[in-house]
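**Student:** Here's my sequence, what's the structure:
(2 chains)
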Amino acid sequence: MNAPTIERLGTRIDLPKIILTAIAASIGIVMVLPLVWMLSASLKTEIEVFTYPIQWIPETIRWRNYQEVWAGLYPFGTFYWNSIQVTTISVTGLVITSSLAAYSFAKLQYPGRDVLFLAYLSTMMIPPQVLLVPRFILFRNFGILNTHWALILPGIFIIFGVFLLRQFFTTIPNELSESAIIDGANHLTIWSRIIMPLAKPGLVSLVIVSFVWRWNDYEEPLIFLFSRDLFTIPVGLTLFVDEFETRYSLIMAATVSAIVPVLAVFLAGQKFFVRGIVTSGLKG
Amino acid sequence: MSSRFFAATPSWKRSQIYAGYLFLLPNFIGFVAFILVPVVFSLYLAFSSWDLLSGVGGIQWVGLSNFTRMASDPWFVSSLWNNLVYSTFTVVFSILIGLGMALLLNNKVFGKSVLRTMYFIPYIVSLVAISAIWMALLSRFGPVSQLVRALGVENPPVWLMDPTFALPAIITLGIWNQAGYCMLIYLAALQGVPKELYEAAEVDGGGAWVKFHHVTWPLISPATFLLVITQIISSFRVFAPVQILTQGGPGRSTTVLVYYIYRTAYQNFRMGYASAMAWVLFSMVFIITFIQWQGQKRWVNY
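**Tutor:** Have a look, this model is predicted:
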């Protein structure tokens, strides 16, 4: 490494590093610029939104936009509560059933196991759109169309969960469970006392990744729900887009409100989210 | 085989067999009910005609006619074409931009983790929210038009209502959304490239391009392979931006496969035809993936 450096005031300045950082930072700014604009527009009057050059920090911060969104015609609070309910229940169910199935696929030997796993894997390629029409009809016959169950039940059985946890479980050495068997432990105990605690990073990854996906899901609530008071955030947001038409300051306030929870969860658990994405991607 | 198999199996192994099935059971019930049965039902519907309103008794077997109809359906043909254009551009540019960002971050830069977060954030924002932002940015007097006007264009187009610009607008949305994912996968792959190989290339007098061409690119080819496949699959699922921003218009200039399937099923209630198109979509993605899989030996190094 013979990188050119500038000697100044006794400190060495790494010029290539500064140049590369400048390039990398300007790309980063381009990537977040639409989001910054959204935030700025959500705190402006309608006229200020369209002044040019763009005033990134509004002269007077206009919280009233948020007031109109949260206390207006459509209750944003209800959409939030619906999203929280649907997301929590489906993610909990997903983690429980997937971790049991993943234990079965990763740690137990039985006839037909590999064929079953292959059947699971091969359905991962089927686009969800293939399933939407038959699910719509099945849900109508079960009587769960236009209820949250129509979102929760398919949300529990996402093959990705089994796949991701199986990847994590196979990295746990078999000696641990084998010695537990010799000590007389049954498989439920091994699953709950040995495998689950050791796979905690994998479980957290699954929780965060599936939380983000469930929270953002648009097509299922769009098709399976008709009553406004059942809508989750993404479908609710489209109501605001229709309602406010061209009042973009209000639309942006609604959009910021819709994004915040998922952004918070992502930033809090970024490490796990990234690991979940990379594990399921690279080892797939 | 099974009875002899069981007789010869020690009890701890047999308990493993029972446990194996029992642990799988809860998930398997859901797998059958919410995936397997819908898949089979959908396959049957693809060869049927059904308007939903006539009840399950109204399902009529029509053979291949759903499939033969597609070729002469202008909406289907446009959807297929637009989708191919959308997929080509988003896949190529998401991967290239993602690679560029990953290579930058793999160098010595300040604030690596902050930059990585900035690159990645668009991926976790819902497509509905991104569509709302794009709608505002590209509105008649929105910032993009203002900027173009400031650059001297007197009458900038109304992007999303212009047949020439509507699809490119949706493509940029897709690229902005996906590039961060590609960056993340590449970054993980780059960290697996042994430093010694770069040093060896330097000893041989190789410059930056030689190092990239002979060391980096071949070693990250599994990541490229993975990204090409996953990006093609996800690009054929594009729906929300089209449904929210353009409803396939103006004319048929932005209609894509999933959007047209949605319209056929839930606005025209032609469930059979919609299912048939969904299967054509699946077959296309499957064939593209299969070709990639066969071709990987030529360029992917494991």
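**Student:** ok, which stretches of the stretch 201-302 of chain B are helices?
**Tutor:** Remark: helices assigned in the stretch 201-302 of chain B by DSSP state H, counting those that start in this stretch are B:208-211, B:217-219, B:221-235, B:240-241, B:257-266, B:271-299.
**Student:** Redo these as JSON lines? Include distance to chain A, mean pLDDT and mean neighbour count.
**Tutor:** (Each C-beta comes from the backbone N, C-alpha and C, glycine too.) Compiled in JSON lines, the helices of the stretch 201-302 of chain B are given as follows (distance: least, Cβ to the nearest Cβ, whole Å; pLDDT from 0 to 100; neighbours: other Cβ atoms under 10 Å in any protein chain shown):
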{"stretch": "helix B:208-211", "distance to chain A": "11", "mean pLDDT": "83", "mean neighbour count": "12"}
{"stretch": "helix B:217-219", "distance to chain A": "13", "mean pLDDT": "88", "mean neighbour count": "15"}
{"stretch": "helix B:221-235", "distance to chain A": "6", "mean pLDDT": "89", "mean neighbour count": "20"}
{"stretch": "helix B:240-241", "distance to chain A": "5", "mean pLDDT": "94", "mean neighbour count": "24"}
{"stretch": "helix B:257-266", "distance to chain A": "5", "mean pLDDT": "92", "mean neighbour count": "23"}
{"stretch": "helix B:271-299", "distance to chain A": "4", "mean pLDDT": "88", "mean neighbour count": "18"}
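**Student:** Quick one, which of the ones you listed gets closest to B:Cys182.
**Tutor:** helix B:221-235 (5.4 Å; Cβ to Cβ).
**Student:** Walk me through the domains of chain B.
**Tutor:** Using automatic domain parsing, the domain parsing of chain B gives B:2-46, B:69-299.
**Student:** right, so those domains: which one is the most enclosed?
**Tutor:** domain B:69-299 (a mean of 18; mean count of other Cβ atoms under 10 Å in any protein chain shown).
**Student:** circling back to that earlier point, determine which of the helices of the stretch 201-302 of chain B approaches A:Gly276 most closely.
**Tutor:** Using Cβ to Cβ, the helices of the stretch 201-302 of chain B put helix B:221-235 closest to A:Gly276, at 14.4 Å.
**Student:** ok, back up a step: looking at the domains of chain B, which has the lowest confidence?
**Tutor:** Among the domains of chain B, domain B:2-46 carries the lowest mean pLDDT, at a mean of 82.
**Student:** and B:Gly152, which of the three is it?
**Tutor:** coil (DSSP: H, G, I helix; E, B strand; the rest coil).
**Student:** What are the boundaries of the strands in the chain?
**Tutor:** Assuming you mean chain A. Counting by DSSP state E, chain A has strands at residues A:5-8, A:11-14.
**Student:** Correction: the question concerned chain B.
**Tutor:** Under DSSP E, chain B gives strands at B:48-49, B:60-61.
**Student:** near chain A at all, the first one?
**Tutor:** No - in this structure, strand B:48-49 remains apart from chain A according to Cβ under 8 Å from any Cβ of the partner chain; the gap is never smaller than 11.3 Å.
**Student:** With stretch B:78-95 instead?
**Tutor:** No - applying Cβ under 8 Å from any Cβ, one finds stretch B:78-95 separated from chain A by no less than 12.1 Å.
**Student:** same thing with stretch B:191-200?
**Tutor:** No - against chain A, stretch B:191-200 shows no contacts by Cβ under 8 Å from any Cβ, the least distance being 8.8 Å.
**Student:** re the thing from before, could I get the helices of the stretch 201-302 of chain B as JSON lines with distance to A:Ile89?
**Tutor:** Shown next, in JSON lines, are the helices of the stretch 201-302 of chain B (distance: least, Cβ to Cβ, whole Å):
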{"stretch": "helix B:208-211", "distance to A:Ile89": "51"}
{"stretch": "helix B:217-219", "distance to A:Ile89": "43"}
{"stretch": "helix B:221-235", "distance to A:Ile89": "26"}
{"stretch": "helix B:240-241", "distance to A:Ile89": "23"}
{"stretch": "helix B:257-266", "distance to A:Ile89": "25"}
{"stretch": "helix B:271-299", "distance to A:Ile89": "28"}
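**Student:** A:Val207 is nearest to which of those?
**Tutor:** Of all the helices of the stretch 201-302 of chain B, helix B:221-235 comes closest under Cβ to Cβ, at 21.7 Å.
**Student:** since we're on A:Ile182, how many residues are nearby?
**Tutor:** 8 (other Cβ atoms under 10 Å in any protein chain shown).
**Student:** how far away is it from A:Ile190?
**Tutor:** Noted for A:Ile182: a distance of 12 Å to A:Ile190, by Cβ to Cβ, to the nearest Å.
**Student:** hmm, back to that, of all the helices of the stretch 201-302 of chain B, which one is nearest A:Arg62?
**Tutor:** helix B:240-241 (28.1 Å).
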